[in-house]
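Student: Have a look at this fold, sequence not included:
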């Protein structure tokens, strides 16, 4: 991956890959460590925080979900909240493609900021011609 003045958008699947130490966790870790060089920016949609929380809460317990959110917030990332322009972009993606609301928001962020979407979610395959992506290894 080219890391010279590059912006990445970490999908929820990338976060869970890192947290669960799945195949591709090293790539996500390397990207996070690259932020300190000043040439890499990591964006994270507010939706990824919600998804990591609810998935962890469903599969484990609330304390673990809260711990994971604190860990995410402590890393060198830029959390991006809802804006009017992102709402419109996400709405267009959702209307045009069959995808979840969360994925529409996350993809809209990558589009708006010309970021590379880092993911392991097959749902993004249908919009690969509309944004730059880096696929982590899918689960088998």
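Tutor: Sure thing, it's come through. Just so it is clear, the model here is predicted, and its values are computed rather than measured.

Student: What ranges does the chain have for its strands?
Tutor: Remark: strands assigned in the chain by DSSP state E are 6-10, 40-45, 78-80, 116-119, 132-135.

Student: Of the ones you listed, which is nearest residue 125?
Tutor: Across the strands of the chain, residue 125 has its closest neighbour in strand 132-135 (8.5 Å, CB to CB). No exception for glycine: its C-beta is placed from N, CA and C like everyone else's.

Student: Next, the buried residues of the closest one.
Tutor: Residues of strand 132-135 classed as buried by neighbour count (16 or more other CB atoms under 10 Å): 133, 134, 135.

Student: try stretch 24-33
Tutor: Using 16+ other CB under 10 Å as the test for burial, stretch 24-33 gives 24, 25, 27, 28, 31, 32.

Student: Closest one of these to residue 121?
Tutor: Looking across these and measuring by CB to CB, the closest to residue 121 is residue 24, at 11.9 Å.

Student: residues touching that closest one, list them.
Tutor: 14, 17, 120, 136, 137 (CB atoms under 8 Å, 6 or more residues apart in numbering).

Student: of those, buried ones?
Tutor: In the contacts of residue 24, the ones that pass as buried (16+ other CB under 10 Å) are 14, 17, 120, 136.

Student: how near is the residue lying closest to the third one once chain neighbours are set aside to residue 89?
Tutor: Take residue 120 and drop its neighbours on the chain: the residue closest to it by CB to CB, 6 or more residues apart in numbering is residue 136, 4.0 Å away. Taking CB to CB, to the nearest Å as the measure, residue 136 falls 23 Å from residue 89.

Student: thinking again about what came up before, quick check: the two most widely separated of the buried residues of stretch 24-33?
Tutor: Between any two of those (CB to CB), the greatest distance is 12.9 Å, for 24 and 32.

Student: So residue 26 versus residue 58, what's the distance?
Tutor: Note on residue 26: its distance to residue 58, by CB to CB, is 26 Å.

Student: now the strands of the chain in a markdown table, with distance to residue 93 and mean pLDDT?
Tutor: As requested, the strands of the chain are exported to a markdown table (distance: least, CB to CB, whole Å; pLDDT from 0 to 100):
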| stretch | distance to residue 93 | mean pLDDT |
| --- | --- | --- |
| strand 6-10 | 13 | 97 |
| strand 40-45 | 13 | 97 |
| strand 78-80 | 16 | 98 |
| strand 116-119 | 12 | 98 |
| strand 132-135 | 14 | 96 |
